Structure formats: C-alpha cells, structure tokens
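Trainee: one predicted model, sequence on top.
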Amino acid sequence: MPVKAKWLISDFSLVLENDDCRNSLLEELELFFRNFRLNVVDQIEKRLIYEKDCSNKKSVNTTKIAELQQKIDTITSDIDAITLQEEVIDKKISNVIKSLDSVKNELEETKKQKDALSSEILDSELEIEETRNKKCLQWDAIKRTYNMYKIRLDMHISLEEEIDHQYIKVAFFIHNKNTKDKYFVQLSHSSNCWKVERIEPKLKKEYFNELSSIENFSEQFKVLDITLFLYEIRSIFLKYYI
C-alpha cells in the first residue's frame with residue numbers, strides 16, 4: 001500500500017474515533033451531497049427546460065416553415081398566373097398591333113380611293129360644266145335661229161333637258177288653227193349628235209331624198225345641220241301636205 005494511502009486511512013480512522021470530527025465530517029459530507037444533489041437536480045431541470053424550449057422553438061419553427069412554404073407556394077402560383085396573364089396580354093397587344101396595321105392599310109387604301117374619287121368627281125364636274133356650256137351655246141344658237149325665223153317661218157320650239165340628253169319639239173304653222181299641232185318634228189340630242197325621234201305627219205320615203213341635211217334618216221347628224229334640216233322639213237310640209 002502506498003504511503004500516502006496509508007496516511008489517509010490513518011487520518012480517517014482518527015477522525016472516526018473523534019466524535020466531534022466525525023460529526024463535523026458527516027455534516028460536511030451531508031452538505032456536500034445535498035448541494036451535489038441539488039446541483040444535479042438543477043442541471044436536470046435546466047436541461048429539461050432547455051429541451052422543452054428547444055422543442056417549442058422547433059414546433060414554432062416547423063409551423064413558420066410550413067407557413068412560409070405555403071406562402072412560397074401561393075407566391076409561385078401567383079407568379080405563374082401573372083406570367084400566363086402577361087402572355088395573354090402580349091398576345092392581345094400583338095393582335096391589336098396587327099389590327100392597327102390592318103386599319104392603317106385600309107385607311108391608306110381608303111384615302112387613295114377617296115383621292116381617286118375626288119379626282120373623278122372633279123373631272124366629272126368639269127365635264128358637266130363643259131357639257132352645260134356646250135348645251136347653252138347650242139341652245140343659244142337654236143334660239144337665235146328661232147328668233148330670226150319664228151315669225152317668217154311660223155314655228156315654235158320647246159326644250160326639255162335631262163342629265164345627258166336634250167329633247168326639242170319644233171312645231172310649224174302654229175298661227176293657223178287648222179294646222180296648229182299637226183305639223184312638228186321631235187329631236188333628241190346626246191353626245192354632240194342629234195337624232196330625229198318623230199316627224200308628224202310621217203314622210204313618204206321618196207321625200208327623204210330632199211333632206212340634204214342628213215345622210216340616213218335613222219342615223220345621227222351634227223348640230224350645224226339642224227337649221228337646214230328644219231328649213232327643209234318645213235319646205236316638204238308646205239310642198240306636199242299643205
């Protein structure tokens with residue numbers, strides 16, 4: 001046995017043999033073990049409290065993680081919906097742009113047609129004005145001729161106008177009640193040409209040879225022949241019918 005161990009046993013034996021020392025030692029030992037036990041209990045309680053706190057924190061964190069995951073899923077779903085909506089909007093915008101381009105092209109085409117139509121209207125107005133002026137000149141010429149010969153030739157001229165035609169009726173021998181409204185000729189004018197529509201009374205075929213103002217009775221002839229034609233037809237009426 002080592003010397004130090006023998007010394008401790010010897011000391012311990014002396015302590016046990018002494019009541020005061022023994023009691024003091026027992027009290028110290030009791031206090032030591034009590035404190036040790038209290039310390040162990042305290043450490044165990046602290047450990048249990050720590051584990052409980054960790055468990056609570058874990059539960060709270062688990063709940064928060066679940067909530068965060070749910071929010072993440074919701075946000076992801078919202079992002080997908082927004083992405084899909086953006087694709088739909090982009091498609092609509094593309095369609096609108098195409099429609100605008102189509103409308104723009106239609107407007108340009110309409111403008112071209114409008115310009116062309118305006119040009120045609122202007123040309124038509126000029127043509128109408130020119131035709132009106134020609135008609136006025138022609139009618140003035142007829143009226144001058146009529147005024148010149150109405151008393152001498154005993155005739156009356158009436159005019160009826162349409163958009164592209166003129167119709168005149170020349171009645172002869174109007175101052176005699178026996179011949180009034182019985183001898184007349186109706187003519188139409190279109191495209192710078194005159195055409196005999198009716199002669200009353202009707203002429204015999206052989207009398208047409210005396211109308212030098214026309215080549216063929218059924219064909220049109222120029223305005224400049226009207227004066228001669230009226231004179232010749234009146235002469236035929238006088239010669240063969242009156």
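Mentor: Yes, it's here. The structure presented is a predicted model; accordingly, all values stated were derived computationally and were not measured. Numbers count the residues shown, from 1 in each chain.
Trainee: for this protein, which helix is longest?
Mentor: Longest helix in the chain, counting residues (DSSP state H): helix 19-153.
Trainee: which strands or helices does that one pack on?
Mentor: helix 3-17, strand 155-161, strand 166-172, helix 226-236 (3 or more CB pairs under 8 Å, 6 or more residues apart in numbering; DSSP states H and E). Quick note: C-beta positions are derived from backbone N, CA and C, even for glycine.
Trainee: now do that helix against helix 226-236, angle only.
Mentor: Here helix 19-153 runs at an angle of 40 degrees relative to helix 226-236 (axes from the mean of the first three to the mean of the last three CA atoms, to 10 degrees).
Trainee: tell me the mean pLDDT for helix 19-153?
Mentor: When pLDDT is averaged over helix 19-153, the result is 85.
Trainee: taking the centroid of the protein, which residue is nearest it?
Mentor: In the chain, the centroid-proximal residue (CA atoms, centre = their mean) is V103; its distance is 5.2 Å.
Trainee: and it, how far from K58?
Mentor: 65 Å (CB to CB, to the nearest Å).
Trainee: please apply the same query to S24.
Mentor: Applying CB to CB, the value for S24 to K58 is 50 Å.
Trainee: need the pLDDT of H189.
Mentor: On the pLDDT scale, H189 gets 81.
Trainee: looking at this, it is in a strand?
Mentor: Yes: per DSSP: H, G, I helix; E, B strand; the rest coil, H189 lies within a strand segment.
Trainee: and it, how many neighbours?
Mentor: Counted with other CB atoms under 10 Å, the neighbours of H189 add up to 22.
Trainee: hang on, it packs against Q166?
Mentor: Yes: contact between H189 and Q166 holds when scored by CB atoms under 8 Å: they sit 4.0 Å apart.
Trainee: chain center to stretch 52-71: distance?
Mentor: Mean-position distance between stretch 52-71 and its chain equals 59 Å (CA atoms, centre = their mean, to the nearest Å).
Trainee: and stretch 172-191, end to end?
Mentor: One end of stretch 172-191 to the other measures 27 Å (CA to CA, to the nearest Å).
Trainee: what's it in contact with?
Mentor: Outside of stretch 172-191, the residues within contact range by CB atoms under 8 Å, 6 or more residues apart in numbering are 135, 138, 153-156, 164-171, 194-201, 223, 226, 230, 233-234, 237, 241-242.
Trainee: of the residues you listed, grab the buried ones for PyMOL.
Mentor: If you want just the buried ones from these in PyMOL, going by 16 or more other CB atoms under 10 Å, the selection is:
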select buried, resi 138+153+154+155+156+166+168+169+170+171+194+195+196+199+226+230+233+234+237
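Trainee: coming back round to it: lowest average pLDDT across the helices and strands packed on helix 19-153?
Mentor: Among the helices and strands packed on helix 19-153, helix 3-17 scores lowest, at a mean of 50.
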